[in-house]
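A.B. asks: coords below, sequence missing:
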């Protein structure tokens, strides 16, 4: 691991609350260039029982999505846990570790082919091989690409899209649901303060849920870079209407070193992948992290916090990627 690559990021103001500051960062490390799984994006991803897990995803829009499950103890060597899990809606699913189980929920099946559909099934597993169905039809409508968090002892589903390739703006949701067991779901609010959206992210930090970015892909593209927070999932506060990172879809987010992170993504007009990395303690002030060595711009990649490092794997980097990268930031970063 090498450290000490310095950079200077020009501070600027966007609106009245969101701004960037200078930060220094070490290099990203390429853990493996060609992982054992087939290149893909839009997978389910977990850190569970001291292993990285990847499952399902997208190869192209003209075949059913994969149903394989892979795990790794180091990000370099991956083991095939099962080739064909029982869930089928594995493109852009919602996934979370909750109560010592891996959960796969919702998602899309069959791309643009006949018989395509969104799902609202809820599945769980403790080993990646044996899967149990908590419900065949959750209270929330079938959907993809909702944001998912654990908060106050419950799983939460926020927003999403009911129809991936063939819907319209009415397919987008801004409802919020929670569950203590994956079977019974409670609608916390039918219309959150943030606009209907999919391909966004949510995290929990300092006992608040944060929702940010996202929008819609087809038939009408729009993307956001707003940030909202809530202490109860019902009442929402706008932290900033315009963060300094470009509006985007299909990015990844985690919490690491006491900050929420925005990692990569895609925006349109023109079509562009992003390779930038941003972090914030409060959703208002954002700092851009730049490293001399980093991964190629991409979207719908998997992001993890594992072994005290930030990880990025797979994603659509034009072409699809099989890479796995990691980044270690010192506990006292930035000094």
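C.D. replies: Arrived safely, thanks for sending. Since this is a predicted model, take the numbers as computed values, not measurements.

A.B. asks: from here on, just use CA atoms for contacts and neighbour counts.
C.D. replies: Noted.

A.B. asks: over to residue 210. Which of the three states is it?
C.D. replies: The assignment at residue 210 comes out as strand when based on DSSP: H, G, I helix; E, B strand; the rest coil.

A.B. asks: got a pLDDT number for it?
C.D. replies: Predicted confidence (pLDDT) at residue 210: the value is 99.

A.B. asks: residue 293 sits in which helix or strand?
C.D. replies: Assessed by DSSP states H and E, residue 293 sits outside every helix and strand.

A.B. asks: how many residues are close by it?
C.D. replies: Under the neighbour criterion other CA atoms under 10 Å, residue 293 is assigned a count of 12.

A.B. asks: got a list of what it touches?
C.D. replies: Contact criterion CA atoms under 8 Å, 6 or more residues apart in numbering gives 27-29 as the residues in contact with residue 293.

A.B. asks: name the residue closest to the centre of this structure, please.
C.D. replies: Closest residue to the average C-alpha location of the chain: residue 252 at 4.0 Å, with CA atoms, centre = their mean.

A.B. asks: now do that residue against residue 146, distance only.
C.D. replies: Summarising the geometry, the distance separating residue 252 from residue 146, computed by CA to CA, to the nearest Å, is 12 Å.

A.B. asks: which neighbours do those two share?
C.D. replies: Counting by CA under 8 Å, 6+ apart, the residues touching both residue 252 and residue 146 are residue 201.

A.B. asks: before we move on, the earlier item: so which of the contacts of residue 293 is the most crowded?
C.D. replies: residue 28 (23 neighbours).

A.B. asks: so that residue touches residue 294, yeah?
C.D. replies: Yes: the pair residue 28 and residue 294 qualifies as a contact (CA atoms under 8 Å) at a distance of 5.0 Å.

A.B. asks: returning to that earlier point: and of the contacts of residue 293, the nearest to residue 141?
C.D. replies: Out of those, the one with the shortest distance to residue 141 is residue 28. That distance is 39.3 Å, counting by CA to CA.

A.B. asks: return the backbone torsion pair for that closest one.
C.D. replies: Taking degrees, to the nearest 10, you get phi -70, psi 150 for the backbone angles of residue 28.

A.B. asks: next one: the one 4 residues further on
C.D. replies: Listed backbone geometry of residue 32 is phi -150, psi 140, with angles given as degrees, to the nearest 10.

A.B. asks: from residue 42, how far out is it?
C.D. replies: Look at residue 32 and residue 42: by CA to CA, they are 19 Å apart.

A.B. asks: low-confidence ranges in the protein?
C.D. replies: Within the chain, the ranges that satisfy pLDDT under 70 run 1-24, 335.

A.B. asks: what helix or strand is residue 262 located in?
C.D. replies: Taking DSSP H and E as the criterion, the element that holds residue 262 is strand 259-267.

A.B. asks: point out the other helices and strands that that strand packs with.
C.D. replies: Counting contacts by 3 or more CA pairs under 8 Å, 6 or more residues apart in numbering; DSSP states H and E, the secondary-structure elements packed against strand 259-267 are strand 201-205, strand 272-280.

A.B. asks: angle of it against strand 208-212?
C.D. replies: 20 degrees (axes from the mean of the first three to the mean of the last three CA atoms, to 10 degrees).

A.B. asks: residues making contact with strand 259-267?
C.D. replies: Under the criterion CA under 8 Å, 6+ apart, residues 203, 205, 223, 247-255, 272-283, 297-300 lie in contact with strand 259-267.

A.B. asks: and it, how far from the chain's centre?
C.D. replies: Put simply, strand 259-267 sits 9 Å off its chain's centre (CA atoms, centre = their mean, to the nearest Å).

A.B. asks: quick check: buried residues in it?
C.D. replies: 259-267 (16 or more other CA atoms under 10 Å).

A.B. asks: out of those, which comes closest to residue 189?
C.D. replies: Compare each of the buried residues of strand 259-267 with residue 189 using CA to CA and the shortest gap goes to residue 260, at 24.1 Å.

A.B. asks: between the buried residues of strand 259-267, which is closest to residue 209?
C.D. replies: Relative to residue 209, the closest of the buried residues of strand 259-267 is residue 260; by CA to CA it sits at 10.8 Å.

A.B. asks: excluding covalently adjacent residues, which one is nearest to residue 144?
C.D. replies: Leaving aside its sequence neighbours, residue 144 sits nearest to residue 107 (CA to CA, 6 or more residues apart in numbering; 4.4 Å).

A.B. asks: any idea how far the one you found lies from residue 147?
C.D. replies: Shown here: residue 107 relative to residue 147, a distance of 12 Å by CA to CA.

A.B. asks: hang on, the earlier thing: let me have the buried residues of strand 259-267 in TSV, extended by distance to residue 168.
C.D. replies: Output for those, formatted as TSV (distance: CA to CA, whole Å):
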residue	distance to residue 168
259	34
260	30
261	29
262	26
263	27
264	25
265	21
266	19
267	18
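
A.B. asks: in the sheet, who's paired with the residue nearest to the centre of the chain?
C.D. replies: Bridge pairing for residue 252 (DSSP bridges) gives the partners residue 263.

A.B. asks: equivalent analysis for residue 143, please.
C.D. replies: With DSSP bridges applied, the residues forming beta bridges to residue 143 are residue 119.

A.B. asks: contacts only, for it.
C.D. replies: Contacts here follow CA under 8 Å, 6+ apart; on that basis residue 143 touches 106-108, 118-120, 160-163.
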